[in-house]
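# Structure of the sequence below:
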Amino acid sequence: MKLNELHDNPGATKARKRVGRGPGSGIGKTGGRGIKGQKSRSGVALNAYEGGQMPLYRRLPKRGFTKPNRLSFAVINLGNLQAFIDAGKLDAGAEITEDALVASGLVRRKLDGVRLLGKGELTAKVALNLTGASKSAVAAVEKAGGSIALKAGPEAAPATE
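Below you'll find the predicted structure:
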């Protein structure tokens with residue numbers, strides 16, 4: 001076999017449909033768009049139009065409200081925190097801040113702050129400085145002998161479950 005003899009399996013590739021390239025092509029002149037009318041013209045977008053039937057976006061109920069200034073927190077669990085400490089990516093001896101979590105790769109970005117949740121086990125004694133934490137997470141950190149400092153202020157996440 002030579003390089004110039006290489007070819008795809010029959011039917012594996014298909015030629016691109018070139019419309020409007022003369023009567024001999026089978027799709028010349030009007031290019032498969034029929035004659036006249038809105039859809040025969042260029043620059044027409046008929047998205048969501050259903051032929052006069054009430055469109056889906058109008059049939060479905062609209063409910064609720066999206067708060068424009070809602071806070072979004074990066075979330076970590078106790079189990080993930082312990083795994084990163086065990087792997088040596090986080091130093092349990094030093095205070096663990098949000099910047100340290102980003103640097104270790106546990107959190108991609110801080111968003112409006114980092115919030116600790118109580119899923120998993122924490123055995124290391126750690127000093128944490130975060131925006132928020134759930135009640136179960138705070139209890140687990142204190143049970144392990146650690147401490148957690150939550151940021152005060154309007155941007156702080158409440159300690160709830």
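# okay, CA-based contacts and neighbour counts for the rest of this
Noted.
# Count the neighbours of Q38 for me.
Residue crowding around Q38 was assessed by other Cα atoms under 10 Å; the count is 11.
# Could you check how far the nearest residue to G22 once chain neighbours are set aside is from L117?
Leaving aside its chain neighbours, G22 sits nearest to G28 (4.5 Å; criterion: Cα to Cα, 6 or more residues apart in numbering). Using Cα to Cα, to the nearest Å, G28 is found at 64 Å from L117.
# what's the answer for A12, then?
51 Å.
# Who has more neighbours out of these two?
Counted by other Cα under 10 Å, A12 and L117 do not tie: L117 has more neighbours, with 22 against 7.
# Would you agree that one is in contact with I76?
Yes: using Cα atoms under 8 Å, L117 is in contact with I76, at 6.2 Å.
# how does this protein divide into domains?
17-64, 74-150 (automatic domain parsing).
# need those in CSV with mean pLDDT and distance to L6, can you?
Shown next, in CSV, are the domains of the chain (pLDDT from 0 to 100; distance: least, Cα to Cα, whole Å):
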stretch, mean pLDDT, distance to L6
domain 17-64, 90, 24
domain 74-150, 91, 46
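# Now do the contacts for Q53.
For Q53, the contact set (Cα atoms under 8 Å, 6 or more residues apart in numbering) is empty.
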